[in-house]
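[1] model the structure of this input:
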Amino acid sequence: MKYGKIVLAGGNGYLGGILSTYFSSRADEVIVLARKPHAKKGNIKTLVWDGKTIDNWTLGLSGADLLVNLCGKNVNCRYTEKNKKEIFDSRLIPTQLLGKVVEKMKNPPKCWINITSATIYRHAEDHTQDEFTGEIGKGFSVEVCKTWETCFFETHTPNTRKIALRMGIVLGLKDGAFPRLLNLVKLGMGGKQGKGQQYMSWIHEKDAARSIEWLLNHPEMEGTVNCTAPEAIENHVFMRSIRKAFGRSFGLPAPAWLLAIGAKIIGTETELILKSRWVKPTLLLNSGFEFKYPNIQGAVEDILKN
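    Numbers count the residues shown, from 1 in each chain. Next comes the predicted model:
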């Protein structure tokens, strides 16, 4: 085993499941901090926490090689005032709590990665946005990311290296955006969405896990890091890639006005589909990280064969 202990706060969701499985074969112990108890599965153990109060779960952080914070209500909802508050609170409160605990620990985690979002950058159809020249955008989802990162970095943790990992859309078959887009393809509606020229910054779930391990093993890397495949693609290319891998030659497009109606019906916001996210992982590339799935066609074909 390479590592002693890996801790995943809020790790009972989709990405938490990917990371639990990935690190279970590489660490002596994987601890998931979750609101409900779960039976132990191999070396994956759940400790119950509420994300608000200091309790016995704090003992699980002691001596950890890595703490990954995955807390946060899904933004795939209508931006009502109630939902907005829950989106903020579900990120800020656990992050502040973890900061307070790590700050005072005698043997804190060596590295703490906060999974934030690549949506922090502006709508970009002109050029890539990276960690050096990228421009921060405007709007509710951007404010969430900005406030969250500020909250993360404001705690003083001299013995714990911190990384805000600006993650793109994680692609896998079990959950997230991909199975929903695949369903559209199956129903014959897998054409472009809106103009189809908006860029999508994505990452294969295996590369998401591999990049987190890479960052753990590169102590010179800290601060904000983009976590997306090097090849961002336009929406129409993305949908075509799924159709091609699935064996469908045609998919009905969804114009912006139709998306607005559909978003209201299913309780989401069109921004999640129409914002152009053209993000480049310059720091990961410069550090020598090699993506297993750098292009979308290879990624989609791998996901569909599993």
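
[2] tell me the secondary structure at the closest residue to Leu285 other than its chain neighbours.
    Leaving aside its chain neighbours, Leu285 sits nearest to Pro230 (6.2 Å; criterion: C-beta to C-beta, 6 or more residues apart in numbering). To be clear about C-beta, it is placed using only N, CA and C from the backbone, and glycine gets the same treatment. Under DSSP: H, G, I helix; E, B strand; the rest coil, Pro230 falls in the coil class.

[3] how much space separates Pro230 from Gly190?
    Using C-beta to C-beta, to the nearest Å, Pro230 is found at 25 Å from Gly190.

[4] which one of these two is surrounded by more residues?
    Remark: of Pro230 and Gly190, Gly190 carries more neighbours, 24 against 17, as counted by other C-beta atoms under 10 Å.

[5] what's the burial count for the closest residue to the more buried one other than its chain neighbours?
    Among residues not flanking Gly190 along the chain, Gly251 sits closest, at 3.2 Å (C-beta to C-beta, 6+ apart). Applying other C-beta under 10 Å, we find 21 residues neighbouring Gly251.

[6] wait, Gly251 touches Phe238, no?
    No: if you go by C-beta atoms under 8 Å, Gly251 and Phe238 don't touch, sitting 11.4 Å apart.

[7] mind listing what's buried in the lengthiest helix in the chain?
    Secondary structure of the chain per DSSP state H: the longest helix is helix 81-104. Of the residues in helix 81-104, 83-84, 87-88, 90-92, 94-99, 101-102 count as buried by neighbour count, 16 or more other C-beta atoms under 10 Å.

[8] which of the residues you listed sits closest to Pro108?
    Nearest to Pro108, judged by C-beta to C-beta, of the buried residues of helix 81-104 is Val102 at 4.8 Å.

[9] got the contact list for the closest one?
    Listed by C-beta atoms under 8 Å, 6 or more residues apart in numbering, the contact partners of Val102 are Leu61, Leu67, Pro108, Pro109, Trp112, Thr155, Thr157, Thr160.

[10] what separation do you get for it and Ala229?
    Applying C-beta to C-beta, the value for Val102 to Ala229 is 31 Å.

[11] what does Ile296 give?
    Taken as C-beta to C-beta, the span from Ile296 to Ala229 is 8 Å.
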